[in-house]
Structure formats: structure tokens, C-alpha cells
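Colleague: predicted model and sequence follow; I will ask about them next.
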Amino acid sequence: MVVARIGPRFDGTSHLLAMVSCIGLCLSLPTTAVQAEETAALRLARNVQALQAQYGSYAPQVLPPLIELGTLYGGGQCEHALELLELAIDISHRAEGLLHPNQLGIYSTLMNCHIALDLPGELARAQRYVTLIHESQYGRDDPRLVQALEEDARRYEAAGLYLSARRLHDRALDVARSARGKSDLSLVEPLRGMARAYRLEYTYGLALPDIVDPIAQSSSLRSLAAEKSRFDPRGEKSLEQAVAILRKHPEARRERIDTLVELGDWHQLGGHHRAALTAYREAWRELHTADAPDHDLFKNATPLLFRPKNGVTLRRAPPEDSGLRKYTIDLAYRVTRDGEPKDVTVIETNAPRALTERAIADMRDVLHRPKFDNGEPVADQGLQYRRNVYAKARYYE
């Protein structure tokens with residue numbers, strides 16, 4: 001049988017013990033915690049070594065301690081967890097086949113590490129296996145597949161693979177409509193996901209695997225953001241469809257409020273303030289029809305995701321060895337009833353003047369969800385915003 005692989009071969013137990021010993025010394029934890037973690041890791045590594053010596057390097061008996069060891073390091077030392085989890089997948093492939101449900105837990109930890117280490121290509125390869133496992137479990141048209149597809153799509157979003165995410169959201173919509181009709185609540189999550197993936201791509205752009213994917217070049221789900229520097233109307237349509245479904249389900253009050261706010265935010269970012277206020281007012285009324293809400297989404301003006309004119313927005317901070325220096329700029333400002341920032345001033349900054357001025361200019365363009373009082377938008381005062389900027393220090397010093 002030909003065994004497909006998702007990562008490099010790793011089967012040397014002596015290397016395993018050496019690696020675990022090194023990890024124990026390198027963990028950024030208090031001394032007692034390092035010792036405890038090192039003890040647990042070495043115990044598991046020795047268990048793996050003994051089982052491999054007794055049964056063979058790829059024996060299924062090795063899996064339990066190997067998975068436990070990979071999960072241990074997947075909780076904060078992902079760079080060390082990858083080889084362990086890839087070996088666990090390899091052993092499971094050999095023992096149980098390529099698409100066994102027992103592999104889902106291993107893949108989950110592995111893909112969380114791909115996200116943590118910003119490895120979108122590796123995540124995409126692993127995710128394709130996971131989607132195939134879900135299909136083998138439920139069938140390609142079973143409504144139980146919808147939730148699994150949505151979880152898979154969320155992982156793509158976390159890795160910046162927004163086009164891949166929309167494909168799964170779209171697939172979930174097809175399955176839900178075929179199984180349960182056009183007004184079922186199961187359509188709401190993928191509809192909201194579709195809009196979210198468009199909006200995130202507008203803000204952050206696509207990760208490389210989605211850009212170079214030849215299938216993506218002809219996909220009907222490609223965003224217009226990169227070409228026309230504006231929101232894609234299909235995201236707005238998705239939210240409007242979700243709101244229409246939720247209005248038919250009074251029991252889904254919390255989800256209806258959240259979706260109305262998302263629709264209002266979409267209109268606000270698109271410059272359609274009147275449409276935004278219509279959605280916000282409906283959400284505010286829903287929010288205040290019962291007792292005082294646990295979390296009032298309109299208590300203060302809220303900054304919305306945007307695409308800055310100066311530089312790019314990062315999904316995550318760059319690695320420490322990137323050569324970039326982190327500058328912090330604390331800003332104060334007020335927001336009008338229309339959600340526009342005014343009177344932006346600097347509270348404190350360690351950034352060069354040029355970067356500070358650019359941050360001020362960008363802040364003036366950050367549209368907000370306005371504060372509401374008694375069902376109507378009002379101005380908000382005394383707001384603060386921290387802007388982290390990464391740049392090569394030599395350009396400004």
C-alpha cells in the first residue's frame with residue numbers, strides 16, 4: 001500500500017529522546033514547571049522508545065504515548081510538536097488507513113500548531129485529509145457534515161486562507177439547503193462565515209497558498225477586494241440572507257442580534273451609513289427588549305476592521321527574528337454619532353515621528369460602530385486606541 005505523507009519522516013527514537021531532553025531545557029517556564037514538563041516528556045519518550053523496541057517503529061501500540069507527547073508540546077511548544085504528531089499520523093495511516101476517524105484528534109492538534117507557527121500550506125494539506133474523513137463519516141450530502149465543514153472553514157480563516165474557507169462555507173450551504181430547505185437555521189452559520197471570510201480578506205489579504213492555487217484563478221468565490229479595493233457585495237448579500245432566515249426564528253434572538261450588528265458593520269465600512277443605522281437600530285431594539293443585556297454591543301463606539309493606507313494590517317505579530325522593531329502608539333480621540341473619529345491626538349509613543357504621523361492619519365479613517373443611547377446613535381468622548389507598528393528601525397533612526 002502506498003502511504004500518503006503530510007510531513008517529513010521521523011522515526012528515530014534516539015533523536016526523540018535527545019529532542020525531548022533539549023526541549024525541557026528550552027521551555028520558557030518557571031524552573032519547577034520546566035522540571036515537571038521535562039519529567040513528563042521524558043517519561044513519555046522512554047515509553048515510546050520501549051514500545052518501538054518491542055513492537056517495531058510503526059507499531060500501533062506506540063500511538064497512545066506518542067500522541068500524548070505531541071499534545072503536551074502542542075500546548076505551547078508547537079515547533080517541537082510537529083514531528084511527533086506527523087509520526088503519529090504516519091503510524092495511524094499504516095495501521096488504520098488514510099481516513100480513519102481516530103486521526104481527527106491528532107490532526108486537530110497538528111493544525112492548531114500549523115496556525116500558531118503560521119504554516120498555511122501545511123495546514124491546507126492536513127485540512128484536506130480532515131474534510132475527507134468527515135465525508136467518509138457522514139457522506140457527502142449528510143446534514144451532519146455542515147458543522148464539520150464550518151469547523152474546517154474556521155481553521156482556514158485562522159491561517160489566512162480565506163478563499164479556501166469560502167469554498168467550505170459554500171459547500172456547507174449547498175448541503176444544508178439540499179437537506180433542510182432555504183430557511184433552516186443551519187444555513188446561518190455558513191452565511192455569516194462567507195461574509196466574514198470576504199471581510200477578513202479585504203483587511204488582511206490572502207495567504208500565499210490561496211494566491212498561487214490554480215483553481216483559485218477561476219473560482220466564482222474570488223474576492224473583488226484585491227482588484228477594486230472595496231468590499232465584495234456577495235458578503236453583504238450573505239448577511240442579508242442570514243438576517244432574513246433569523247427573522248423567521250424568534251428563538252434565535254442572540255444570533256439574530258449578532259448578525260444584525262455584523263450587517264450594520266458591513267454597511268458602515270462600505271460607507272452606507274443610513275443602511276448601517278437601520279440594522280444597528282433593529283439590533284439595539286432586540287438587545288433591549290428583555291432585561292439589561294449581559295454585554296451591550298452599543299455601550300461605546302467600537303472600531304471596525306479596516307485596511308490602512310499606510311502599510312498593511314498583520315494577522316499576527318511577526319516573529320522575533322524578523323528584523324522588525326515593534327513600536328507602540330497610544331492615541332486619544334472622540335467619535336461622532338456617524339462613527340467617524342475626530343481630534344486624534346497622541347497620548348504616548350516610542351515610534352519615530354513619521355510612523356506616528358501615519359498612525360494618526362490611519363486612525364482618522366477607522367470607521368466605528370457608533371455608541372447608542374435610548375435607541376439612537378450619539379457621540380462618544382475620551383476613547384483610546386493602541387496601535388502596534390512593525391518597521392525596520394534603520395529606516396527611521
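Modeller: Sure thing, it's come through. Computed from a predicted structure; not experimentally measured.
Colleague: and whichever strand or helix holds Arg386, what does it pack against?
Modeller: Using DSSP states H and E, Arg386 maps to strand 380-391. Contact analysis of strand 380-391 by 3 or more Cβ pairs under 8 Å, 6 or more residues apart in numbering; DSSP states H and E lists strand 325-335, helix 353-363 as its packing neighbours. C-beta here means a position set from N, CA and C on the backbone, and glycine is covered the same way.
Colleague: which positions within the last one qualify as buried?
Modeller: By that I understand helix 353-363. For helix 353-363, the neighbour count (16 or more other Cβ atoms under 10 Å) marks 355-356, 358-360, 362-363 as buried.
Colleague: stretch 136-145 now?
Modeller: Buried-residue list, stretch 136-145, by 16+ other Cβ under 10 Å: 138, 143, 145.
Colleague: what ranges does the stretch 251-397 of the chain have for its strands?
Modeller: 302-303, 325-335, 341-349, 368-369, 371-373, 376-378, 380-391 (DSSP state E, counting those that start in this stretch).
Colleague: deepest-packed of these, please.
Modeller: Comparing those by mean neighbour count (mean count of other Cβ atoms under 10 Å), strand 368-369 ranks first with a mean of 22.
Colleague: thinking again about what came up before, now, among the buried residues of helix 353-363, which is nearest to Leu149?
Modeller: Closest approach between the buried residues of helix 353-363 and Leu149, by Cβ to Cβ: Asp362, at 36.0 Å.
Colleague: okay but that closest one is in contact with Arg307, surely?
Modeller: No. The pair Asp362 and Arg307 does not pass the contact test of Cβ atoms under 8 Å, sitting 9.6 Å apart.
Colleague: before we move on, back to that, ok, which of the strands of the stretch 251-397 of the chain comes nearest Leu263?
Modeller: Minimum separation from Leu263 across the strands of the stretch 251-397 of the chain (Cβ to Cβ) falls at strand 368-369, 11.5 Å.
Colleague: who's sitting farthest from the centroid in the chain?
Modeller: In the chain, counting by Cα atoms, centre = their mean, Gln54 sits farthest out from the average C-alpha position, at 41.9 Å.
Colleague: tell me the mean pLDDT over the one helix or strand it maps to?
Modeller: Assessed by DSSP H and E, Gln54 sits inside helix 31-55. For helix 31-55, the mean per-residue pLDDT is 78.
Colleague: cool, stretch 161-171 as well?
Modeller: 95.
Colleague: restrict that stretch to CA atoms and write it as CSV.
Modeller: Extracted in CSV, the C-alpha atoms of stretch 161-171 (Å, rounded to 0.1, in the frame of the first residue of the first chain):
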residue,chain,number,x,y,z
LEU,A,161,-6.8,31.0,3.6
TYR,A,162,-10.0,33.0,3.2
LEU,A,163,-10.8,31.7,-0.3
SER,A,164,-10.4,28.1,0.9
ALA,A,165,-12.7,29.0,3.8
ARG,A,166,-15.3,30.3,1.4
ARG,A,167,-15.3,27.1,-0.6
LEU,A,168,-16.1,25.2,2.6
HIS,A,169,-18.8,27.7,3.6
ASP,A,170,-20.3,27.4,0.2
ARG,A,171,-20.2,23.6,0.4
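Colleague: low-confidence ranges in this structure?
Modeller: Scanning the chain for pLDDT under 70 picks out 1-38, 216-218, 225-230, 291-294, 393-397.
Colleague: domain-wise, how is it divided?
Modeller: Following automatic domain parsing, the chain resolves into domains at 1-117, 157-211+233-297, 302-395.
Colleague: distance of His162 from Met194?
Modeller: No His there; residue 162 is Tyr. 10 Å (Cβ to Cβ, to the nearest Å).
Colleague: repeat that for Arg274.
Modeller: The value you get for Arg274 to Met194, if Cβ to Cβ is used, is 24 Å.
Colleague: reformat the buried residues of stretch 136-145 as CSV; add secondary structure and distance to Ala116.
Modeller: Listed next are those as CSV, based on DSSP: H, G, I helix; E, B strand; the rest coil; distance: Cβ to Cβ, whole Å:
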residue, secondary structure, distance to Ala116
Tyr138, helix, 28
Pro143, coil, 32
Leu145, helix, 27
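Colleague: adding distance to Ser108, write these out as a markdown table.
Modeller: Converted to a markdown table, the buried residues of stretch 136-145 look like this (distance: Cβ to Cβ, whole Å):
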| residue | distance to Ser108 |
| --- | --- |
| Tyr138 | 17 |
| Pro143 | 22 |
| Leu145 | 17 |
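Colleague: report the buried residues of stretch 82-95.
Modeller: Judged by neighbour count using 16+ other Cβ under 10 Å, the buried positions of stretch 82-95 are 82-93.
Colleague: nearest to Leu287 among those?
Modeller: Leu85 (42.9 Å).
Colleague: what segments of the stretch 201-350 of the chain are helices?
Modeller: 208-212, 225-228, 233-246, 253-269, 273-287 (DSSP state H, counting those that start in this stretch).
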